[in-house]
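Trainee: No sequence on hand, only this structure:
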Ligand code: DOR
Ligand code: ZN
């Protein structure tokens, strides 16, 4: 047994693994160095050239070493909708996209609207996930008070749908319900994550426009006004109650402006941008149809540019995939009946990497953006200690990214159960080559997933470690 150093690490011992020769993406900067792994954690991050302990080697030459990425917005469809996605498929897709931790949404069948259903969902997932996970509980318009005493080991964030669509389980339609939920969440220290589109705006517009007959009409059918009205209401609610609030899948320039201004005022409000709102425009939806039918809709190239600005200038706090698979048959229904949503946990980081490089972002800066928006940002908002930051003491979850490879994405690459992607045919720049979870290689570009699914339900930072064992399996 080797001596313990003052910070608790073992000195002189062989490492369990040394990832060497890579370019480390740390919160303090991007530099050449090695990752020394012991007991499933990052033990040290020596500079290039510094002496390294003995132990097995993993060559990361020519690659960025990112913290295992976090996707804080996935719909993995358990329980009840496993014909669209399973945790086996979804978590394999995550690994192929450099993602080792996900936060899953509650709009399942039945939805997870209370602690009991969250526990039941975790039990169904146990032994099936290759990624660590937490859950957003669903806020229930009929029981908003549940948020006031939600135990943090169950969830520290709750989803509110302000507009309905095919897969929204419950919708907050009236003012009192929303007000009660914001008040209860503030009391319980729960972060609200919001689908912020206003159902009343859409209902009103529907009285004078029929259901869209083609995808050319889809964006105008669910226009930006719905998002702008909802975001303005949310800002007012945050002002009143002080509730910590994260607005999901922001789709328009106006919403990004409002939310950036509100955060500038000091309100505890943040927002997410999705890969698909950065990658596609309404012209793609008009031309290619159902695959980019989404809620909120994908908007104009002007909006797309504003969202890129939010990502690159640090206004957005997270990137999320809104991984929302549906079957090909469902997506090919007539526009009024086709469900909104696309898979994306596998494509998100690679698509954004491709977009950043094509916009001229230097690779080191692009790597730092990914580590912030899919690492430190979501780890902070969603209470994921040990995740999202490449620092000593963190879980040894690592994503190795070859920054330059150009390759064509096709349906054959898709790991999601749905079997299709809106990115089929895209020429990506950059490719994940190796992904580690707790110091073990769990995915490799040549051989795919390895080992048994060892993903854990993560207890929150607010939970004592002895309780953690109880809730994790
Ligand atoms: O397009 C969407 N699909 N937006 C959502 O908010 C939900 C999602 C789904 O679950 O299919
Ligand atoms: Zn979603």
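Mentor: Cool, got the structure. Note that this is a predicted model, so its numbers are computed, not measured. Ligands and ions are numbered 1, 2, ... in the order given.

Trainee: And the residue in the chain positioned nearest to ligand 1, how far from residue 73?
Mentor: The minimum distance from the chain to ligand 1, using Cβ to the nearest ligand atom, falls at residue 341 (3.0 Å). C-beta: built from backbone N, CA, C; applies to glycine. Using Cβ to Cβ, to the nearest Å, residue 341 is found at 11 Å from residue 73.

Trainee: just to revisit the earlier point, residues near the residue of the chain closest to ligand 1, how many?
Mentor: Burial measure for residue 341: 24 neighbouring residues, criterion other Cβ atoms under 10 Å.

Trainee: Can you name the residues of this protein sitting close to ligand 1?
Mentor: The chain comes close to ligand 1 at residues 75, 107, 167, 195, 294, 295, 324, 339, 340, 341, as judged by Cβ under 6 Å from any ligand atom.

Trainee: Just the ones of these in strands?
Mentor: If you go by DSSP state E, these have residue 195 in strands.

Trainee: How far does stretch 93-109 sit from its chain's centre?
Mentor: Stretch 93-109 sits 7 Å away from the centroid of its parent chain (Cα atoms, centre = their mean, to the nearest Å).

Trainee: Stretch 366-385 now?
Mentor: Here the centre of stretch 366-385 is set off from its chain's centre by 10 Å, with Cα atoms, centre = their mean.

Trainee: top helix in this protein by residue count?
Mentor: helix 224-241 (DSSP state H).

Trainee: average pLDDT for that helix?
Mentor: In this model, helix 224-241 carries a mean pLDDT of 98.

Trainee: Quick check: bridge partners of the spatially most central residue of the chain?
Mentor: Closest to where the C-alpha atoms of the chain average out (Cα atoms, centre = their mean) is residue 71, at 2.2 Å. Taking DSSP bridges as the rule, residue 71 bridges to residue 102.

Trainee: isn't it right up against residue 348?
Mentor: Yes - judged on Cβ atoms under 8 Å, residue 71 makes contact with residue 348 at a distance of 6.4 Å.

Trainee: Show the pLDDT at residue 11.
Mentor: Each residue has a pLDDT score; the one for residue 11 is 52.

Trainee: picking up where we left off before, and the longest helix of the chain, what does it pack against?
Mentor: Packing partners of helix 224-241 (3 or more Cβ pairs under 8 Å, 6 or more residues apart in numbering; DSSP states H and E): helix 175-188, helix 199-206, strand 245-247, helix 253-264, strand 269-274.

Trainee: okay if I get the ones you listed as CSV plus mean pLDDT?
Mentor: Formatted as CSV, the helices and strands packed on helix 224-241 follow (pLDDT from 0 to 100):
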stretch, mean pLDDT
helix 175-188, 97
helix 199-206, 94
strand 245-247, 98
helix 253-264, 98
strand 269-274, 98
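
Trainee: okay, the ones you listed in TSV with mean neighbour count and distance to residue 229 next?
Mentor: Below are the helices and strands packed on helix 224-241 laid out as TSV (neighbours: other Cβ atoms under 10 Å; distance: least, Cβ to Cβ, whole Å):
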stretch	mean neighbour count	distance to residue 229
helix 175-188	19	13
helix 199-206	15	5
strand 245-247	26	13
helix 253-264	19	10
strand 269-274	25	16
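
Trainee: Ok, which of these comes nearest residue 431?
Mentor: Residue 431 lies closest to strand 269-274 among the helices and strands packed on helix 224-241, at 20.8 Å (Cβ to Cβ).

Trainee: Tell me which other helices or strands the very next helix or strand once past that closest one touches.
Mentor: Following strand 269-274 in sequence order, the next helix or strand is helix 275-279 (DSSP states H and E). With contacts defined as 3+ Cβ pairs under 8 Å, 6+ apart, helix 275-279 has these neighbours: helix 301-312, helix 348-358.

Trainee: any idea which helix or strand comes after the last one?
Mentor: The element immediately downstream of helix 348-358 (helix or strand, assigned by DSSP H and E) is helix 363-371.

Trainee: wait, what's in contact with residue 93?
Mentor: Going by Cβ atoms under 8 Å, 6 or more residues apart in numbering, residue 93 touches 323, 343, 345, 346, 414, 415, 416.

Trainee: how does it look with 6 Å?
Mentor: Shown in contact with residue 93 (Cβ atoms under 6 Å, 6 or more residues apart in numbering): 345, 346, 415, 416.

Trainee: With distance to residue 157, neighbour count and pLDDT as new columns, can these be given to me in CSV?
Mentor: Listed next are the contacts of residue 93 as CSV, based on distance: Cβ to Cβ, whole Å; neighbours: other Cβ atoms under 10 Å; pLDDT from 0 to 100:
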residue, distance to residue 157, neighbour count, pLDDT
345, 18, 34, 99
346, 23, 28, 99
415, 26, 22, 98
416, 24, 25, 98
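
Trainee: Name the nearest of those relative to residue 384.
Mentor: residue 345 (16.1 Å).

Trainee: Make sure I have this right: the closest one is in a helix.
Mentor: No - judged by DSSP: H, G, I helix; E, B strand; the rest coil, residue 345 forms no part of a helix; its state is coil.

Trainee: who's in contact with it?
Mentor: Taking Cβ under 6 Å, 6+ apart, one finds 71, 74, 93, 94, 97, 99, 321, 323 in contact with residue 345.

Trainee: With respect to burial, which of the helices and strands packed on helix 275-279 scores highest?
Mentor: Using mean count of other Cβ atoms under 10 Å, the stretch among these with the largest mean neighbour count is helix 348-358, at a mean of 23.

Trainee: same for it, what does it pack against?
Mentor: Helices and strands touching helix 348-358, by 3 or more Cβ pairs under 6 Å, 6 or more residues apart in numbering; DSSP states H and E, are helix 275-279, strand 427-437.

Trainee: Quick one, which of the ones you listed gets closest to residue 60.
Mentor: Minimum separation from residue 60 across the helices and strands packed on helix 348-358 (Cβ to Cβ) falls at strand 427-437, 7.8 Å.
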